[in-house]
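Chemist: Have a look at this prediction, sequence included:
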Amino acid sequence: MQLSQDKATAKPKSGGALTFQSLHPLFVAEASAIDLRTVEDQATLKQIHNALDEYAVVVFRDQPFRGDEQLKFAQRLDRNVNFNSTTAVFLGKGRLGYEGMIDVSNVTDKGEVWGANDRKRMSRMSNRLWHTDASFQDPAGRYSMLWAKTVPPVSAPTEFADMRAAYDALDDELKKKLEGMHAHHSSIRNKEILGFDLSLDQKDMEKLHTADHPLVRTIPRSNRRSLYIATHVTHILELPVPEGRMVLHELMEHATQRQFVFRHEWQQGDLVIWDNRATMHRRPPFDDLKYPRELVRVTTLDYPESAHA
Ligand SMILES: [Fe+2]
């Protein structure tokens, strides 16, 4: 799908209630006002799928989720929620109380901002590295839906990079070289890079994920080609390890140049949905020892398209 054709979806289609306003020259849109708790009709769900195919990141404002309403919406949108997150292996059961809802916060079980040496803080430090969710699983992550429950009074954004535009901008020779290559993704690679003390016994080690995926993917429906890399990658299967890591390093530098990056400044109640096959993301540093920041994430898995497709 070409960008020039995509402008057509700025108007409502499929009979749904939404419109979308572009926030960046390459990707990212903000949806018109809607309460996602009430969205059940196929026309509106299809509009959201179409917007994700086009923009890869879509912002919904003012979502008043309670309990498991965010999880329920995720299941209506994309059915196969990831209930097998590795977060629980590192940090134990989350404080939210619902399987599939991941606590992305700097707050302890007692409701206090974490301390400097908190194990959860050390584990979450890897969110500051560029990645795409659940790339170490097979099927990997498809959509992530991150909801802002508590937003600090200082800038504490999430950054996204458009991996379709990054792929398009590669020269033809490199595109040809990458064709047919596969990357090995590991759920602990990003933590090893930072020297995180895993302290896992054999039983927990067996719960950790690894998966091999093509380095370049074609996203169904939009048919756009996308670079599929992340800090979770340990090596490229078809290359010697040092050469593969250099290729990855150079691709990562290329794909995260400013022209491919959007910075989302959170407002309380935002739900941001992104396509993990088309983007990477990271959380830049903020004063996380001072201000509470509470986000909740639900991720779906990239099973073959469901009836919503
Ligand atoms: Fe993430």
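Modeler: Happy to help now that I have it.
Chemist: mind listing what residue 162 touches?
Modeler: Residue 162 makes contact with 24, 26-27, 56, 260-262, 278-279, according to Cβ atoms under 8 Å, 6 or more residues apart in numbering. Any C-beta I mention is one placed from the backbone N, CA and C, and that applies to glycine too.
Chemist: How about the contacts made by the nearest residue to it once chain neighbours are set aside?
Modeler: Leaving aside its sequence neighbours, residue 162 sits nearest to residue 27 (Cβ to Cβ, 6 or more residues apart in numbering; 4.3 Å). Residue 27 is in contact with 55-57, 160, 162, 164-165, 262, 278-279, counting by Cβ under 8 Å, 6+ apart.
Chemist: The same query, at a cut-off of 6 Å, please.
Modeler: 55-57, 162 (Cβ atoms under 6 Å, 6 or more residues apart in numbering).
Chemist: Now the buried members of the residues you listed.
Modeler: Buried members of the contacts of residue 27, scored by 16 or more other Cβ atoms under 10 Å, are 55-57, 162.
Chemist: Filter these down to just the ones in helices.
Modeler: Residues of these located in helices (DSSP state H): residue 55.
Chemist: Farthest-apart pair in the buried ones among the contacts of residue 27, please.
Modeler: 55 and 162 (9.3 Å; Cβ to Cβ).
Chemist: pLDDT score for residue 109?
Modeler: For residue 109, the model assigns a pLDDT of 88.
Chemist: For stretch 123-137, buried residues please.
Modeler: Quick answer for stretch 123-137 (16+ other Cβ under 10 Å): 123-126, 129-137.
Chemist: Tell me the pLDDT of residue 24.
Modeler: Per-residue pLDDT puts residue 24 at 98.
Chemist: wait, it sits on residue 263?
Modeler: No - Residue 24 is not in contact with residue 263 according to Cβ atoms under 6 Å; the separation is 9.6 Å.
Chemist: of the two, who's got more company?
Modeler: Ranked by neighbour count (other Cβ atoms under 10 Å), residue 24 and residue 263 place residue 24 first, with 18 against 13.
Chemist: Sketch out the strands for the stretch 51-200 of the chain, chain order is fine.
Modeler: 57-60, 102-105, 141-150, 158-162, 182-186 (DSSP state E, counting those that start in this stretch).
Chemist: between the ones you listed, which gets the lowest average pLDDT?
Modeler: When I compare the strands of the stretch 51-200 of the chain, strand 102-105 is least confident, with a mean of 94.
Chemist: Summarise which helices and strands that one is packed against.
Modeler: Judged by 3 or more Cβ pairs under 6 Å, 6 or more residues apart in numbering; DSSP states H and E, the packing partners of strand 102-105 are strand 294-301.
Chemist: who are the neighbours in contact with residue 63?
Modeler: Residue 63 neighbours (Cβ under 6 Å, 6+ apart): 36, 269, 271.
Chemist: Tell me if the second one really is in a strand.
Modeler: No - Residue 269 sits outside any strand when classified using DSSP: H, G, I helix; E, B strand; the rest coil, being coil.
Chemist: picking that back up, host element of the residue nearest to residue 162?
Modeler: Under the criterion DSSP states H and E, no helix or strand holds residue 27.
Chemist: for it, phi and psi?
Modeler: phi -160, psi -170 (degrees, to the nearest 10).
Chemist: Sounds good, over and out.
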